[in-house]
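Colleague: sharing a sequence plus its predicted fold:
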Amino acid sequence: MKKLLMTASSFAHIESFHLPYLAGFKALGWELHLACGGEARAIPDAAAVLPLPFEKSFTAPGNFRACAMLRRQMRRERYDLVIAHTSLAAFFTRLAAAGLRPRPRVINVMHGYLFDDETPFLRAAVLKAAELLTAPWTDLVLTMNEYDTRWARAHRAGKQIRQIPGMGVDAEKLLASPAREIPGAAEGDFVLVYPAEFSKRKNQTMLIRAMALLPERVKLLLPGEGALLEECRRLARELGLEKRVLFPGYVREIGALLARADAAVTASRSEGLPFNVIEAMLMGLPVAASRVKGHTDLVTDGETGLLFPFGDEAAFAGAIQKLLDDGALRARLGARGREAAQAYRLEAVFPQVMDAYCSLI
């Protein structure tokens with residue numbers, strides 16, 4: 001029986017994006033092990049789980065302990081294949097595999113939101129150095145957007161480079177969600193939705209400030225949790241927008257909110273190939289997105305959505321005003337976006353990703 005080890009910074013990441021692939025490997029007769037940050041969770045189809053002491057800072061002691069644990073695990077289990085997700089876990093997973101005899105084949109799935117041409121030099125240098133240092137022990141790099149593909153090929157970040165269309169969205173489940181009433185949003189309100197972790201990169205604060213430039217009937221719905229949630233709540237109160245910026249918390253069935261919304265927005269600093277944009281497009285919502293990598297792979301300005309310069313409150317408000325004023329534009333962007341998003345449905349993506357995974361065996 002062949003053995004697979006899949007790693008990530010958290011078990012939640014595996015649960016959110018990779019369960020279909022665990023099921024796919026199990027159907028092929030593989031034994032599946034997971035090693036992730038945080039407390040151990042019961043994950044469907046996993047024969048074993050190993051909790052790791054990952055910490056966000058690359059140089060934190062817990063990460064090097066996690067690396068040592070992974071190396072012992074690889075020696076003991078002699079995996080046929082290791083698939084690493086998320087940059088921090090991928091770096092220490094590949095470091096753990098360095099010099100092993102025999103060494104398992106290693107795939108780095110580059111989710112792609114940590115650096116681009118606008119990233120501050122020192123941060124970008126550290127992140128890029130981590131990729132290049134571990135390139136000799138990376139048999140395959142899977143990228144999700146054009147920027148990362150070009151960068152990985154130019155810098156030989158692995159022995160092989162392949163681009164995949166993300167991990168796939170379960171459209172059947174998404175589209176089956178009934179519309180959900182939104183406390184604080186009345187009939188006639190124009191509802192914008194941005195489901196995301198509250199973080200500096202996701203940039204919810206810009207959207208909140210921009211709401212002051214838009215008519216009263218525009219409401220901003222921000223489902224999610226995260227380190228900056230309370231800061232965003234406080235900002236909304238300080239600007240007198242507490243009745244127009246809504247915080248429903250973590251929402252598992254996001255399709256129910258998308259079904260009620262009038263448009264989807266995202267202000268992120270950078271992305272890989274964001275699920276929230278694909279989900280909104282599949283639901284036929286017009287999308288207004290910051291002009292950054294990941295978004296530009298999905299949204300063609302004026303065709304499948306509207307793009308605005310990152311951090312530009314006035315440009316964002318202008319894009320929303322266009323959608324507010326022009327129902328025909330909303331309908332056209334939504335329809336074309338839905339058509340473009342079909343390529344990212346799970347049933348279309350799954351065979352491509354599994355083919356890439358299994359290409360090393």
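Modeller: That came through fine. No experiment lies behind these values; they were computed from the predicted model shown.

Colleague: what residues sit buried inside stretch 126-137?
Modeller: 127-128, 130-131, 134-135, 137 (16 or more other Cβ atoms under 10 Å). Using the backbone N, CA and C atoms, a C-beta is placed for each residue, glycine as well.

Colleague: those in strands, which ones?
Modeller: Among these, DSSP state E puts none in strands.

Colleague: now tabulate the residues you listed in a markdown table and tack on distance to R332 and pLDDT.
Modeller: Below are the buried residues of stretch 126-137 laid out as a markdown table (distance: Cβ to Cβ, whole Å; pLDDT from 0 to 100):
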| residue | distance to R332 | pLDDT |
| --- | --- | --- |
| L127 | 39 | 82 |
| K128 | 40 | 87 |
| A130 | 43 | 88 |
| E131 | 40 | 91 |
| T134 | 45 | 95 |
| A135 | 44 | 95 |
| W137 | 48 | 95 |
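
Colleague: nearest to R105 among those?
Modeller: The shortest gap between R105 and any of the buried residues of stretch 126-137 belongs to W137, at 10.0 Å (Cβ to Cβ).

Colleague: tell me the contacts of the closest one?
Modeller: If you count contacts by Cβ atoms under 8 Å, 6 or more residues apart in numbering, W137 has them with 94-95, 97-98, 103, 106.

Colleague: for A356, same thing?
Modeller: By Cβ under 8 Å, 6+ apart, the contact list for A356 reads 107, 140, 142, 162, 164.

Colleague: pLDDT at the second one, what is it?
Modeller: In this prediction, L140 carries a pLDDT score of 98.

Colleague: tell me the contacts of it?
Modeller: 105-108, 158-162, 356, 359-360.

Colleague: buried members of the residues you listed into PyMOL, please.
Modeller: Those of these that count as buried under 16+ other Cβ under 10 Å are selected in PyMOL with:
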select buried, resi 105+106+107+108+158+161+162+356+360
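
Colleague: show me the contacts of L140 that map onto strands.
Modeller: Filtering the contacts of L140 for strands - DSSP E - leaves 105-108, 161-162.

Colleague: from the residues you listed, which two are the most distant?
Modeller: R105 and I161 (15.1 Å).

Colleague: now the buried residues of stretch 126-137 in JSON lines, with distance to E339?
Modeller: Compiled in JSON lines, the buried residues of stretch 126-137 are given as follows (distance: Cβ to Cβ, whole Å):
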{"residue": "L127", "distance to E339": "35"}
{"residue": "K128", "distance to E339": "36"}
{"residue": "A130", "distance to E339": "38"}
{"residue": "E131", "distance to E339": "34"}
{"residue": "T134", "distance to E339": "39"}
{"residue": "A135", "distance to E339": "38"}
{"residue": "W137", "distance to E339": "41"}
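
Colleague: out of these, list just those in helices.
Modeller: Cross-referencing the buried residues of stretch 126-137 against helices under DSSP state H gives 127-128, 130-131.

Colleague: and of the residues you listed, the nearest to R330?
Modeller: L127 (37.8 Å).

Colleague: quick check: closest non-adjacent residue to the closest one.
Modeller: F115 (4.8 Å; Cβ to Cβ, 6 or more residues apart in numbering).

Colleague: tell me the two of the contacts of L140 that are most distant?
Modeller: The span of the contacts of L140, defined through Cβ to Cβ, is set by R105 and I161 at 15.1 Å.

Colleague: picking up where we left off before, nearest to D148 among the ones in strands among the contacts of L140?
Modeller: I161 (9.2 Å).

Colleague: quickly list what that closest one is bridged to.
Modeller: Here I161 sits in beta bridges with V141, as judged by DSSP bridges.

Colleague: pull the contacting residues for it.
Modeller: I161 makes contact with 140-141, 143, 149, 152-153, according to Cβ under 8 Å, 6+ apart.

Colleague: same list (these) but as JSON lines, adding distance to K200.
Modeller: Formatted as JSON lines, those follow (distance: Cβ to Cβ, whole Å):
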{"residue": "L140", "distance to K200": "31"}
{"residue": "V141", "distance to K200": "26"}
{"residue": "T143", "distance to K200": "24"}
{"residue": "T149", "distance to K200": "26"}
{"residue": "A152", "distance to K200": "25"}
{"residue": "R153", "distance to K200": "29"}
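
Colleague: in a markdown table: the ones in strands among the contacts of L140, plus pLDDT and distance to S87.
Modeller: Below are the ones in strands among the contacts of L140 laid out as a markdown table (pLDDT from 0 to 100; distance: Cβ to Cβ, whole Å):
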| residue | pLDDT | distance to S87 |
| --- | --- | --- |
| R105 | 98 | 20 |
| V106 | 98 | 15 |
| I107 | 98 | 14 |
| N108 | 97 | 9 |
| I161 | 97 | 16 |
| R162 | 97 | 18 |
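
Colleague: could you list the low-confidence segments of the protein?
Modeller: Counting by pLDDT under 70, the chain has low-confidence residues at 113-114.

Colleague: quick one, longest helix in it?
Modeller: Secondary structure of the chain per DSSP H: the longest helix is helix 61-77.

Colleague: what does the helix or strand hosting V191 contact?
Modeller: In the assignment (DSSP states H and E), V191 maps to strand 190-193. Strand 190-193 is contacted from outside by 182, 185, 207, 215, 217-221, 223, 257-258, 260-265, 280, 285, 288, 320, 324, using Cβ under 8 Å, 6+ apart.

Colleague: ok, now with 7 Å
Modeller: 182, 185, 217-221, 257-258, 260-265, 320, 324 (Cβ atoms under 7 Å, 6 or more residues apart in numbering).
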